[in-house]
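**Student:** Quick check, what structure comes out for this input:
(3 chains)
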Amino acid sequence: MPELPEVQTTVDELKKEILGVSFLDFWYDWKKSVKNLSPEEFKKKIKGEKILDISRRAKLLVFKLTNNKLLLAHQKMTGHFLVGNWKYYPRAKRKWQSTDIGHLQDKVNDYIHLMFWLDDGRQLAFSDLRKFGWVAFYENITLEDIPEIASLGPEPLDENFTPNILEKRLKKTSRPIKQAIMDPKIIVGIGNIYADESLFLAQIHPLTPANKLSDQKIRKLFWAIQKTLKTAIKYKGTTILSGAEEYRLPSGERGNYQDKTQVYHRENQPCSRCSSKIKRIKIGQRSAHFCPKCQKNSS
DNA sequence: CCAGTTGTTGTTCT
DNA sequence: AAGAACAACAACTG
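**Tutor:** A predicted model of the protein is given here:
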């Protein structure tokens, strides 16, 4: 699922491919995939816009367009961008406006809900099996004032982010530490996979109340989060094997970090540190994976 | 048919 | 009022 490392990888790869190109045309088959405008209005706005820069804030992709206009995208759980040159899409069994795509022949995948035609002859496709992801178009507003951005906490890999800032934010809540670091108002970019992995690295039990962690543990957690995210970026993110289409690089390749996880998706497998069986419990209706021996519920 | 999966938001409860 | 809990969104796998 796209968390910070997957979004960062998408940004890095897209920059190599489509910086400087312009949008020629747009197609959609799911209205809600365009968040703040009607898809028809969005299409009018986006046509002719040039991609000047691509960056990331939290799990959002930020496309900087001409005259400070912005295209934002959130991939949520199953969304991802693909760049290519296709002829058929999306799924044969779905009805769609044949006038828009009549000349196409090779299929992308079954879950394309947005398609952008680019002026370099290629296409940018947004694949999203569960349809929670979205794009939004903004003009006459600075990035920090956009509602989805304004309420966000600090970036874990920002050079100005320090253990003291993390400590201050964690002291404000008694919720389990796992839920606290997954809360984008406290710190952004961390989802289920990297929360479990960071807590394993820091040897912290996921149920420990956030405001009960010692300063030493918080410093260790700070380090563990950065280490985990940086390593995951190096491996181009996580693509958990499954029949469904999930996270891919814009080239269609899988990430490789799923082979590196220590606890996530590894229930009953031996801990790499002590060989105890990895446990899975529920925290706030979500799975949490941890080593019961290495991650004690102590403050 | 049911449980499990996921990030974020909006609603409801305490 | 604030903070925490939880439903909702969607679609597929096992």
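
**Student:** Now do the strands in the stretch 1-150 of chain A.
**Tutor:** Assigned by DSSP state E, counting those that start in this stretch, the strands in the stretch 1-150 of chain A fall at A:23-28, A:53-57, A:60-64, A:70-74, A:79-84, A:112-118, A:123-128, A:134-138.

**Student:** Only alpha carbons, please: show the longest helix along chain A as CSV.
**Tutor:** Counting residues, the longest helix found in chain A (DSSP state H) is helix A:215-234. Output of helix A:215-234 as CSV, limited to C-alpha atoms (Å, rounded to 0.1, in the frame of the first residue of the first chain):
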residue,chain,number,x,y,z
ASP,A,215,13.0,9.8,26.1
GLN,A,216,15.5,7.1,25.3
LYS,A,217,12.8,5.0,23.6
ILE,A,218,11.5,8.0,21.6
ARG,A,219,15.1,8.7,20.4
LYS,A,220,15.3,5.1,19.4
LEU,A,221,12.0,5.2,17.6
PHE,A,222,13.0,8.4,15.8
TRP,A,223,16.0,6.6,14.5
ALA,A,224,14.1,3.5,13.6
ILE,A,225,11.5,5.4,11.6
GLN,A,226,14.1,7.2,9.5
LYS,A,227,16.1,4.0,9.0
THR,A,228,13.0,2.0,8.0
LEU,A,229,11.7,4.6,5.6
LYS,A,230,15.1,5.2,4.0
THR,A,231,15.8,1.5,3.5
ALA,A,232,12.3,1.0,2.0
ILE,A,233,12.9,3.9,-0.5
LYS,A,234,16.2,2.2,-1.4
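
**Student:** Tell me the gap between it and the middle of its chain.
**Tutor:** The chain centre lies 18 Å from the centre of helix A:215-234; the measure is Cα atoms, centre = their mean, to the nearest Å.

**Student:** ok, back up a step: can the strands of the stretch 1-150 of chain A go into TSV with extra columns for mean pLDDT and mean neighbour count?
**Tutor:** Every C-beta, even on glycine, is put in place using the N, C-alpha and C of the backbone. Formatted as TSV, the strands of the stretch 1-150 of chain A follow (pLDDT from 0 to 100; neighbours: other Cβ atoms under 10 Å):
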stretch	mean pLDDT	mean neighbour count
strand A:23-28	92	19
strand A:53-57	96	17
strand A:60-64	95	20
strand A:70-74	95	20
strand A:79-84	91	23
strand A:112-118	91	22
strand A:123-128	91	23
strand A:134-138	95	22
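
**Student:** for the residue lying closest to A:Arg280 once chain neighbours are set aside, phi and psi?
**Tutor:** Using Cβ to Cβ, 6 or more residues apart in numbering and skipping the chain neighbours, the partner closest in space to A:Arg280 is A:Glu267 (4.1 Å). A:Glu267 adopts backbone torsions of phi -60, psi 140, taken as degrees, to the nearest 10.

**Student:** quick one: the residue of the stretch 101-250 of chain A at minimum distance from DNA strand B and A:Met77, what's the gap?
**Tutor:** Shortest the stretch 101-250 of chain A-to-DNA strand B distance, computed as Cβ to the nearest atom of the strand: residue-wise this is A:Gly191, at 2.0 Å. Distance, A:Gly191 to A:Met77, using Cβ to Cβ, to the nearest Å: 9 Å.

**Student:** And these two? Which one has more around it.
**Tutor:** Using other Cβ atoms under 10 Å, the more surrounded residue of A:Gly191 and A:Met77 is A:Gly191, with 20 against 17.

**Student:** Can you pull the residues of the stretch 51-200 of chain A lying near DNA strand C?
**Tutor:** Taking Cβ under 7 Å from any atom of the strand as the contact definition, the stretch 51-200 of chain A meets DNA strand C at A:77, A:110, A:129-132, A:172-175, A:179.

**Student:** returning to what we had before: go through the longest helix of chain A and flag the buried ones.
**Tutor:** For helix A:215-234, the neighbour count (16 or more other Cβ atoms under 10 Å) marks A:217-222, A:224-225, A:228-229, A:232-233 as buried.

**Student:** and those as CSV, adding distance to A:Leu19 and pLDDT?
**Tutor:** Listed next are the buried residues of helix A:215-234 as CSV, based on distance: Cβ to Cβ, whole Å; pLDDT from 0 to 100:
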residue, distance to A:Leu19, pLDDT
A:Lys217, 42, 95
A:Ile218, 38, 95
A:Arg219, 38, 96
A:Lys220, 38, 96
A:Leu221, 36, 96
A:Phe222, 33, 96
A:Ala224, 33, 96
A:Ile225, 29, 96
A:Thr228, 29, 95
A:Leu229, 24, 95
A:Ala232, 24, 94
A:Ile233, 19, 95
